[in-house]
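Enquirer: How does the following fold in three dimensions:
(2 chains)
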2 protein chains.
Amino acid sequence: MKRYVLIVAGGSGRRMGGDLPKQFIRVAGKPLLMHTLETFYRWDASAAILVALPGGDESYWRTACGELKCGIPHRTFEGGETRFESVRNGLRQITGEGLVAVHDGVRPFVAPQVIEDCFTKAGQYGAAIPVVPLTESLRELERGEEERSRPVDRHQYRIVQTPQVFHSEILKKAYRQAYQPEFTDDASVVEASGVAIRTVDGNRENIKITHPFDLLVAETLLSNRT
Amino acid sequence: MKRYVLIVAGGSGRRMGGDLPKQFIRVAGKPLLMHTLETFYRWDASAAILVALPGGDESYWRTACGELKCGIPHRTFEGGETRFESVRNGLRQITGEGLVAVHDGVRPFVAPQVIEDCFTKAGQYGAAIPVVPLTESLRELERGEEERSRPVDRHQYRIVQTPQVFHSEILKKAYRQAYQPEFTDDASVVEASGVAIRTVDGNRENIKITHPFDLLVAETLLSNRT
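Expert: Next up, the predicted model:
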């Protein structure tokens, strides 16, 4: 089945404190987003890669790609105000049938085996996502109050990563729903449309680069990468 | 009030794949446990430090301390089979009244401000622990089955770190209870004895070094440390 990779890098969040959206921050000489593209290209050079960019950042990205001789074939499109809109816009670009991975632009460290496992399981069941166990204790806030919380059993929870992989028809149908605040990732959108989600063992290194501390970790992981 | 730091390094877990318990693995030239001692010593050189070691590893540790000229005053005692027993053994060494921090031996990166905040809040309310929000989506397993899970709102959860700080009398009373499998950390033991737990903002770098990936992160953080 044809393989699509929809990379969501449409955010303009500047939580890192710098001037650049985090997907464009350079680590080991290249924007994080480019490292993410390389990860998927190395996994399967024949997969069709689509990238959601913040409105207006298209020329910035094209210049960076030229300058750094990126050389990885991919199409770009304008992301929406929210992640949900970005994915919906991206799905309009996919006309054929196949398996679609939705992946965060700031997760360059997903293992090729994890991508492959997600595609395999999504091929069998329609929907598969990578998860990892928690290594630390977990508490749940009571009525959302910071000062009232209760311990919960961390073994009953899983941290959710990406790529989240779906059969294209399942994903398209799910994204025809109206947006709801409970949609925190693609799995929750698909689930709301009535399709069960299967899980695959993720790899711990597949962190979402969100805080300055994560950048330091990314720097280390990339300097150890061949 | 007198300040005690009870460092739990009694485990002999070899999950890292090496021959050494993880608290003895050397990063930037020193055992992780020694980095943790340094963190507390720099925070308050007058705090009384007690360290739970695995049975039989006392002489190994003393030799390492001598060889590396550790120079940080601390007492050691034999940890128990479980973390619960190690803490209970440690509390027997504390005869005076004061505030007691229980801290994981493999968490060298807690910020001095976080330790201070925990002690301050525990001084006011009796019990305080550092927590951080989750940055990734979370799912809860249904009936413990890996293949059945539901999305939960990560904003309603907090990751729990250490040091967990308590008034000595509160902690001692709590540890007179019989062990229960729900006791995942000291906060859950204290809570079961009827005392409410207050939270403090933790620092993200304060990771529990558990997996080989964490060691790589630790190496980076320590090489950036002055």
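
Enquirer: could you point out which element follows the lowest-mean-pLDDT helix or strand in chain A?
Expert: Counting by mean pLDDT, DSSP states H and E, the weakest-scoring helix or strand in chain A turns out to be strand A:145-152, with a mean of 84. Per DSSP states H and E, the first helix or strand lying C-terminal to strand A:145-152 is strand A:157-160.

Enquirer: In the sheet, which strands lie alongside that next one, parallel or antiparallel?
Expert: Strand pairing for strand A:157-160, using DSSP bridges, gives strand A:127-133 (antiparallel), strand B:138-142 (antiparallel).

Enquirer: These: lowest mean pLDDT?
Expert: Here the strands paired with strand A:157-160 differ in mean pLDDT, and the lowest is strand B:138-142 at a mean of 93.

Enquirer: same for the lengthiest helix in chain A, what does it pack against?
Expert: Longest helix in chain A, counting residues (DSSP state H): helix A:112-125. Under the contact criterion of 3 or more C-beta pairs under 8 Å, 6 or more residues apart in numbering or on different chains; DSSP states H and E, helix A:112-125 touches helix A:32-43, strand A:99-104, strand A:127-133, strand A:164-167, strand A:198-201. Where C-beta positions appear, they are placed from N, C-alpha and C, glycine not excepted.

Enquirer: mind listing what's buried in it?
Expert: Buried positions in helix A:112-125, judged by neighbour count with 16 or more other C-beta atoms under 10 Å in any protein chain shown: A:114-115, A:117-119, A:121-122, A:125.

Enquirer: Can you add mean neighbour count and distance to residue A:150 and give the strands paired with strand A:157-160 back as JSON lines?
Expert: JSON lines is the format used below for the strands paired with strand A:157-160 (neighbours: other C-beta atoms under 10 Å in any protein chain shown; distance: least, C-beta to C-beta, whole Å):
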{"stretch": "strand A:127-133", "mean neighbour count": "22", "distance to residue A:150": "20"}
{"stretch": "strand B:138-142", "mean neighbour count": "18", "distance to residue A:150": "14"}
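
Enquirer: Can you redo the ones you listed as TSV, where the extra columns are distance to residue A:44?
Expert: TSV is the format used below for the strands paired with strand A:157-160 (distance: least, C-beta to C-beta, whole Å):
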stretch	distance to residue A:44
strand A:127-133	16
strand B:138-142	27
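
Enquirer: what is the orientation angle of the longest helix of chain A with strand A:127-133?
Expert: 140 degrees (axes from the mean of the first three to the mean of the last three C-alpha atoms, to 10 degrees).

Enquirer: mind checking how far helix A:112-125 is from the chain centre?
Expert: Computed by C-alpha atoms, centre = their mean, to the nearest Å, the chain-centroid distance of helix A:112-125 equals 15 Å.

Enquirer: One more: stretch A:47-59?
Expert: When distances are taken as C-alpha atoms, centre = their mean, stretch A:47-59 is centred 14 Å away from the chain's centroid.

Enquirer: Now do it: distance from first to last residue.
Expert: End-to-end span of stretch A:47-59 (C-alpha to C-alpha, to the nearest Å): 24 Å.

Enquirer: Low-confidence ranges, chain A, go.
Expert: A:12-18, A:144, A:226 (pLDDT under 70).

Enquirer: go again using 90 as the cut-off
Expert: A:10-21, A:55-56, A:81, A:142-148, A:181-182, A:184, A:210-213, A:216-217, A:219-226 (pLDDT under 90).

Enquirer: between the helices and strands packed on helix A:112-125, which gets nearest to residue B:86?
Expert: strand A:127-133 (23.1 Å; C-beta to C-beta).

Enquirer: Contacts for the closest one, please.
Expert: Contacts with strand A:127-133, where a contact means C-beta atoms under 8 Å, 6 or more residues apart in numbering or on different chains, come from A:110, A:114, A:117-122, A:154-155, A:157-167, A:170, A:185-187, A:190, A:195-204, A:206, B:139, B:149.

Enquirer: and what of stretch A:171-186?
Expert: With C-beta under 8 Å, 6+ apart as the test, stretch A:171-186 has contacts from A:82, A:84-85, A:87-88, A:91, A:94, A:100, A:102, A:129, A:160, A:162, A:164, A:166, A:188-190, A:192-193, A:195, B:137, B:151, B:153-154.
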